[in-house]
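Engineer: how would this look folded up:
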Amino acid sequence: MLFSSFPYDYPLLWTSADTPAAYYDLLETHLKFIHASPPIITRILHITISVGFCGFFIKLFKPSEANLLFDGASLVLYVVGVVVYITNIVKGLRIVTIGVYGVPESGTDIVVGREDSLRVLAASNTILALVLVGVLVLQAGQWYAERKEIDEVAKFEQEQVEKKEAKTQKSGGHVTRSASKKKQ
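Structural biologist: As a prediction, this is how the structure comes out:
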């Protein structure tokens with residue numbers, strides 16, 4: 001959904017040229033099409049979100065410092081992404097589908113028009129994409145840190161074995177009488 005919206009969001013967010021009204025009509029049509037997708041699409045998306053949460057909670061049960069830091073930060077970013085999705089994107093898609101812009105927010109006199117609503121939706125898509133990339137970067141960082149730790153432990157153990165072998169070779173490799181008695 002994010003990648004399909006990016007070509008539409010780009011002119012709204014990163015170009016200084018005035019956006020024609022026809023472009024907003026095209027964007028609205030695209031968003032209405034996405035929002036009117038079959039219910040199985042949203043169910044699969046929500047199942048995927050739930051699997052992500054389950055995965056984070058399962059990983060947090062491993063009591064290591066790396067899990068606490070990387071997975072904790074990833075979970076915070078993931079929650080931020082879900083909040084942006086629920087509060088901005090879902091609400092924005094509903095507003096676009098209904099087609100009612102400029103209704104004051106509850107208890108305030110703030111009115112958001114059509115262009116601003118579509119820009120907020122575009123910015124929310126971009127924020128969500130960046131948050132999800134942040135989660136991926138943190139998970140890749142955790143994998144790299146764990147991999148590096150495993151390599152360092154293996155290197156340390158190899159050095160210990162080599163030191164032990166050097167010590168036995170230095171002593172001549174023969175077993176003294178007291179050493180043989182200790183074995184018995």
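Engineer: SS state for V100?
Structural biologist: The three-state assignment at V100 reads coil, by DSSP: H, G, I helix; E, B strand; the rest coil.
Engineer: Quickly note the distance from it to S117.
Structural biologist: Using CB to CB, to the nearest Å, one obtains 10 Å as the distance from V100 to S117. For every residue, glycine as well, the C-beta is placed using N, CA and C.
Engineer: Who has more neighbours out of these two?
Structural biologist: For V100 versus S117, neighbours defined as other CB atoms under 10 Å are more numerous around S117 (18 against 10).
Engineer: who touches the more buried one in this structure?
Structural biologist: By CB atoms under 8 Å, 6 or more residues apart in numbering, S117 lies in contact with G92, I95, V96, Y101.
Engineer: The host helix or strand of G52 - contacts with which helices or strands?
Structural biologist: Following DSSP states H and E, one finds G52 within helix 39-60. Applying 3 or more CB pairs under 8 Å, 6 or more residues apart in numbering; DSSP states H and E, we find helix 39-60 packed against helix 72-84.
Engineer: Same question for the helix it packs on: list its buried residues.
Structural biologist: Residues of helix 72-84 classed as buried by neighbour count (16 or more other CB atoms under 10 Å): A73, S74, L75, L77, Y78, V80, G81, V84.
Engineer: biggest separation within those residues, which pair?
Structural biologist: Largest separation among these by CB to CB: A73 and V84, giving 16.6 Å.
Engineer: Mind putting the buried residues of helix 72-84 into CSV with pLDDT and distance to T19?
Structural biologist: Shown next, in CSV, are the buried residues of helix 72-84 (pLDDT from 0 to 100; distance: CB to CB, whole Å):
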residue, pLDDT, distance to T19
A73, 90, 36
S74, 91, 36
L75, 92, 37
L77, 95, 31
Y78, 95, 32
V80, 96, 28
G81, 95, 27
V84, 95, 23
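Engineer: from these, which is closest to W143?
Structural biologist: Nearest member of these to W143, counting by CB to CB, is S74, at 11.7 Å.
Engineer: just for this protein, where's the confidence low?
Structural biologist: Counting by pLDDT under 70, the chain contains low-confidence ranges at 63, 105-107, 172-184.
Engineer: Now the residue nearest the centre of it. Its backbone dihedrals?
Structural biologist: For the chain, the residue nearest the mean C-alpha position is V135 (2.5 Å; CA atoms, centre = their mean). Main-chain torsions, V135, degrees, to the nearest 10: phi -60, psi -40.
Engineer: burial of R147, as a residue count?
Structural biologist: 10.
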